[in-house]
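# Just to be clear, the model below is a prediction. Sequence and coordinates:
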Amino acid sequence: MEWFEIFDISLFRSLIRSATPIALIGFGAAMCSAAGVLNIGLEGKMLNAAFIGIAASYYSGSALTGFICGVLAGVLTAVLFGVLSYNLGADEVLAGLAINIFAIAGTRYLLETLFKRRGFFSDPSIQGIDPIEIGFLKDTRLEQFLSGYTPSIYLVFFLAVVLYFVYYRTRLGTAIRATGENPEAAEDAGINTLRMKWLTVIFSGVLAGIGGTFLSLENMTLFTEGMSAGKGYIGLVASSFGNNTPLGTFGASIFFGLGDAIGIRLQGVYELDSRLILMIPYALTVIILVLIGVSQIYRVRKVPIESKE
């Protein structure tokens, strides 16, 4: 098999699946950044949601219950971040790091305590979320491109459009952006900036919850330690690379998803070391961060400095 033959429909579908949790986190991070919130605790929110989702599905025998509980876990973790940052005055970065560390340790403890397992948990009684087959596309050329995905994947495409509209065409979007760009002026204009920050934090918790349940109930029906695998951080980079806009974040997520999908396909073709493949998304993240840093330095140097005589 030649290397260019990896670019087929399987790669496209793998790309979409890989990009979905990154985009969900990226959308939440973008809205938070627009409101002036540095929310690096999204990794922990996603991991908590993945575990609670799988546990709720296992005990209830219902995929819907697992999904709802997973999203609630993401929201409650977001509330914890908000309380630490805005009610108790903790630094946002430290609060986010604490949540991420707590999620890693907490899910490991619960995995060993509830299920008597280490590393991962899987059981036939876990009910996953089934893909959606679009009936009118059956037996058409578009079926393999557009049909047979799980709900969260379709949600990502929907959110990219809706959030663009909210971001640029509504008073709410204007208020959120004003809160991040000039909070003092926003307060003078009658905008409750604290409310805007809380709104974006809770919204990011919802999306992180959906992203977590996607990992454990849609993409697979199991939980592994550290299942989020840095996707929360990659989502943050995607939002920054996309200039903290919905469509930009969506495009950046597709880019990261493509890198992940190509790595997986290359592993199958050339039998590459799996550890090397796992490094690809993080290597892309470092490259993007360097490019963002260089572009910011370049923009600063282009700003004319007026000399005082």
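Okay, I see it. Numbers count the residues shown, from 1 in each chain.
# which residues touch residue 145?
By CB atoms under 8 Å, 6 or more residues apart in numbering, the residues touching residue 145 are 9, 12. (C-beta placed from N, C-alpha, C; glycine too.)
# State the distance from it to residue 259.
20 Å (CB to CB, to the nearest Å).
# For residue 249, give its distance to residue 16.
For residue 249 relative to residue 16 (CB to CB), the value is 15 Å.
# And the two? Which one has more around it.
residue 249 (30 against 20; other CB atoms under 10 Å).
# what about residue 253, neighbour count?
Look at residue 253: counted by other CB under 10 Å, it has 29 neighbours.
# can you tell me which helix or strand it belongs to?
helix 246-270 (DSSP states H and E).
# same for that helix, what does it pack against?
Applying 3 or more CB pairs under 8 Å, 6 or more residues apart in numbering; DSSP states H and E, one finds that helix 246-270 makes contact with helix 9-34, helix 151-169, helix 231-241, helix 274-302.
# Most tightly packed of these?
Highest mean neighbour count among those (mean count of other CB atoms under 10 Å): helix 231-241, with a mean of 26.
# Tell me which residues are up against it.
21-30, 33, 39-47, 100, 208, 211, 215, 248-249, 252-253, 255-256, 281-282, 285, 288-289, 291-292.
# can you do 7 Å?
21-22, 25-26, 29-30, 33, 40, 42-43, 46, 249, 252-253, 256, 281, 285, 288-289, 292 (CB atoms under 7 Å, 6 or more residues apart in numbering).
# can you give me how far that helix is from the chain middle?
Here helix 231-241 is found 7 Å from its chain centre; the criterion is CA atoms, centre = their mean, to the nearest Å.
# quick check: angle from it to helix 246-270?
130 degrees (axes from the mean of the first three to the mean of the last three CA atoms, to 10 degrees).
# Now do helix 231-241 and helix 9-34, the angle between them.
Angle, helix 231-241 to helix 9-34, by the same axes, to 10 degrees: 70 degrees.
# Average pLDDT for helix 231-241, rounded please.
What helix 231-241 shows for mean pLDDT is 91.
# List the buried residues in the helix holding residue 253.
Residues 246-267 are the ones in helix 246-270 that count as buried (16 or more other CB atoms under 10 Å).
# Tell me how far the spatially closest residue to residue 218 that is not a sequence neighbour lies from residue 206.
Sequence neighbours aside, residue 150 is the residue nearest to residue 218 in space, at 4.0 Å (criterion: CB to CB, 6 or more residues apart in numbering). Separation of residue 150 from residue 206 (CB to CB): 17 Å.
# residue contacts, residue 65?
Per CB under 7 Å, 6+ apart, neighbours of residue 65: 56-57.
# Quick check: phi and psi at it.
Taking degrees, to the nearest 10, you get phi -60, psi -40 for the backbone angles of residue 65.
# What pLDDT is listed against it?
pLDDT for residue 65: 96.
# Count the neighbours of residue 148 for me.
By the criterion of other CB under 10 Å, residue 148 has 14 neighbours.
# quick one, phi psi at the spatially closest residue to it that is not a sequence neighbour?
Spatial nearest neighbour of residue 148, excluding adjacent residues (CB to CB, 6+ apart): residue 131 at 4.9 Å. Residue 131 has phi and psi values of phi -70, psi 160 when expressed as degrees, to the nearest 10.
# Go ahead and confirm residue 131 touches residue 149.
Yes: Residue 131 lies in contact with residue 149 (CB atoms under 7 Å); the separation is 5.7 Å.
# quick one, which of the two is more surrounded?
Of the pair residue 131 and residue 149, residue 149 is the one with more neighbours under other CB under 10 Å, namely 21 against 13.
# residue boundaries of the strands in the stretch 1-150 of the chain?
Counting by DSSP state E, counting those that start in this stretch, one finds strands in the stretch 1-150 of the chain at the ranges 120-121.
# correct me, but residue 75 touches residue 208?
No: contact criterion CB under 7 Å: residue 75 and residue 208 do not qualify, at 8.6 Å.
# quick one: contacts for residue 78?
Residue 78 is in contact with 45, 201-202, 204-205, counting by CB under 7 Å, 6+ apart.
# One more: residue 227?
So, once contact is read as CB under 7 Å, 6+ apart, residue 227 ends up touching 47, 50, 215-216.
# Checking it next. Helix, strand or coil?
coil (DSSP: H, G, I helix; E, B strand; the rest coil).
# Got the confidence number for it?
In this model, residue 227 is scored at 91, pLDDT.
# and what of residue 281?
Residue 281 carries a pLDDT value of 69.
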